[in-house]
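Peer 1: No letters, just coordinates:
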């Protein structure tokens, strides 16, 4: 996986709270353990007017022409709640999102994002209101997300965000759990040499 440092991109506003994982990627599409191919099913029940994904819902935010190609998703509190499914961040990244900015996230979803190079950023209500307003006024406006500095920048606004050091390291280096373990290969080998074989 490639790492994340500074990202610039347009934002798609999903002004909804308590978006659960079954809304992000409905259970009937969890038929593969590959990370690819889930983007077309993202927010399926909102994006489409029929079950066969033939007719787009013109009223759904992500279907509007001005939000096509957005790499940042804006949402409200408790994003990613509901059942644990790693397919949720897979669907978001396969669709093209690299960052989700919300008031809060469900804990398991947050961890799954960190393991799949999807940066979840938590801002307060006032800051989110400013982002939603800026995008509503000009959908072409670009956000800048600076992971090393832990800042979101937009039209003179500058919002700091928190991220744990170990999560930040994984995102910067493009590591998943396996890659993170492989980084410790020398220490693991050293430990195995030090302990008796019978222990």
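Peer 2: On my side now, so go ahead. In this text the structure is predicted, and so the values were computed from the model without any measurement.
Peer 1: Roughly how far does residue 103 sit from residue 121?
Peer 2: 10 Å (Cβ to Cβ, to the nearest Å). Where C-beta positions appear, they are placed from N, C-alpha and C, glycine not excepted.
Peer 1: Looking at these two, which has the bigger crowd around it?
Peer 2: Counted by other Cβ atoms under 10 Å, residue 103 and residue 121 do not tie: residue 121 has more neighbours, with 22 against 17.
Peer 1: ok so residue 90 is a strand residue?
Peer 2: No: the assignment for residue 90, made by DSSP: H, G, I helix; E, B strand; the rest coil, is helix rather than a strand.
Peer 1: Give me the pLDDT for it.
Peer 2: Residue-level confidence at residue 90 comes out at 97, pLDDT.
Peer 1: What separation do you get for it and residue 116?
Peer 2: Residue 90 sits 6 Å away from residue 116, taking Cβ to Cβ as the criterion.
Peer 1: any common contacting residues for the two?
Peer 2: Shared contacts of residue 90 and residue 116 (Cβ atoms under 8 Å, 6 or more residues apart in numbering): residue 35.
Peer 1: could you pull out the strands for this protein?
Peer 2: All strands of the chain, identified by DSSP state E, fall at 6-13, 72-74, 99-102, 119-122, 142-146, 151-154, 157-160.
Peer 1: Of all these, which one is nearest residue 50?
Peer 2: strand 6-13 (22.2 Å; Cβ to Cβ).
Peer 1: What lies in contact with the closest one?
Peer 2: With contacts defined as Cβ under 8 Å, 6+ apart, strand 6-13 is touched by 61-62, 67, 69-74, 97-99, 101, 119, 131-132, 135-136, 139-148.
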